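Here is a sequence together with a model predicted from it:
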Amino acid sequence: MSKPTINQNKSTYFISDLHLIPSQPLLFTLLHNFLNTIKDNAETLYIVGDLFEFWIGDDILNKDAGKSYLPVIQQLRTLSDAGVKIYFTQGNRDFLAKQRFADAIGGELLPDEKVINLYGTPSLLMHGDTLCTDDVSYLRLRRIFRNKLIQKIYLSLSPERRSRIAGNTRKIIKNKTPKKAYKIVDVNQLEVERVMRNAAVKQLIHGHTHRPDIHEFDLQGEIAKRIVLSDWTNKACYLRFDKDGFELVNG
């Protein structure tokens, strides 16, 4: 696996939680316009999970179930072919986007946690769902969904049946989430500090919570920073780094 590197003369972009779904064409338009905007000055694009509302398997790339996503995949591939490095971290909605998907966009699939050298600052990159350790029921469900046997059985089903299952699961989760306490569905600060210590970093970038912000706190006697990416609704939201600093653009 190649190591992510940074060109000091260009920018590095981070996006997450677009939740692309055919029933919301505005999101596809926003992404199309965003990619066109950054193509000339982007060195690297990190997609930090939940690009899709749900992804039912890489085999849909050449089936009717995947037709709605082909323009996005083709545009990302064009960006990659033009020299922009693209890295993809699986989210809790698109954890079935694997190597075939990464190859299709000309990108690289990253592990759940990845330390990158961001203009001289070691930074931990992750989707962020595993930081929500107070949400015990979600983490239990996550372990089930990530089980290889469960995934094999699911992927053996027809795309139509997989879509129905994914849609029903989405509705159940959507109905349950608002009933959970605000704190439960946010990150656990002790877990944040633990993963940052283990990774030997003072900067963490993640999405998942849909609570964009910049948090500073003490970590082993030094100032640490947690940058939370925004979800997309009616505006392109991103984090941009260059040699002079960074900008967090929220919806």
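That came through, no problem. Numbers count the residues shown, from 1 in each chain.

Quick check on the residue positioned nearest the centre of the chain: phi, psi?
Of all residues in the chain, the one closest to the mean position by Cα atoms, centre = their mean is residue 49, 1.7 Å from it. The phi/psi pair for residue 49 (degrees, to the nearest 10) reads phi 90, psi 150.

Surely it is in contact with residue 205?
No. The criterion here is Cβ atoms under 8 Å, and residue 49 misses it with residue 205 at 11.4 Å. C-beta here means a position set from N, CA and C on the backbone, and glycine is covered the same way.

where does the chain have its least confident helix or strand?
Counting by mean pLDDT, DSSP states H and E, the chain has its least confident helix or strand at helix 159-176, which shows a mean of 87.

Which strands and helices lie in contact with that one?
helix 148-155 (3 or more Cβ pairs under 8 Å, 6 or more residues apart in numbering; DSSP states H and E).

one more time with 10 Å
helix 136-145, helix 148-155 (3 or more Cβ pairs under 10 Å, 6 or more residues apart in numbering; DSSP states H and E).

buried ones in it?
Neighbour counts over helix 159-176 (16 or more other Cβ atoms under 10 Å) mark 159, 162, 166 as buried.

Sketch out the low-pLDDT regions of this structure for me.
1-8, 177-182, 251 (pLDDT under 70).

swap the cut-off to 90 and go again
Low-confidence segments of the chain (pLDDT under 90): 1-9, 169-185, 250-251.

wait, is residue 66 part of a strand?
No. Checked against DSSP: H, G, I helix; E, B strand; the rest coil, residue 66 lies outside a strand; its state is helix.

got a list of what residue 209 touches?
17, 128-129, 131-132, 185-187, 228-231 (Cβ atoms under 10 Å, 6 or more residues apart in numbering).

And for residue 161?
56, 154.

so how far is residue 154 from it?
Look at residue 161 and residue 154: by Cβ to Cβ, to the nearest Å, they are 9 Å apart.

Touching both of those two, which residues are there?
With Cβ under 10 Å, 6+ apart, residue 161 and residue 154 have common neighbours residue 56.

Could you measure from residue 161 over to residue 101?
Applying Cβ to Cβ to residue 161 and residue 101 gives a distance of 20 Å.

er, residue 12 I mean
Counting by Cβ to Cβ, the gap from residue 12 to residue 101 is 21 Å.

Please apply the same query to residue 91.
Applying Cβ to Cβ to residue 91 and residue 101 gives a distance of 13 Å.

and what of residue 248?
Taken as Cβ to Cβ, the span from residue 248 to residue 101 is 27 Å.

which one of these two has more residues nearby?
residue 101 (25 against 18; other Cβ atoms under 10 Å).

Assign the more buried one to helix, strand or coil.
Applying three-state DSSP: residue 101 is helix.

what do you get for residue 157?
From three-state DSSP, the assignment for residue 157 is coil.

Which residues are in contact with it?
56-57, 163-165.

Same list (the residues you listed) but as JSON lines, adding distance to residue 237.
Converted to JSON lines, those look like this (distance: Cβ to Cβ, whole Å):
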{"residue": "56", "distance to residue 237": "25"}
{"residue": "57", "distance to residue 237": "27"}
{"residue": "163", "distance to residue 237": "27"}
{"residue": "164", "distance to residue 237": "30"}
{"residue": "165", "distance to residue 237": "29"}
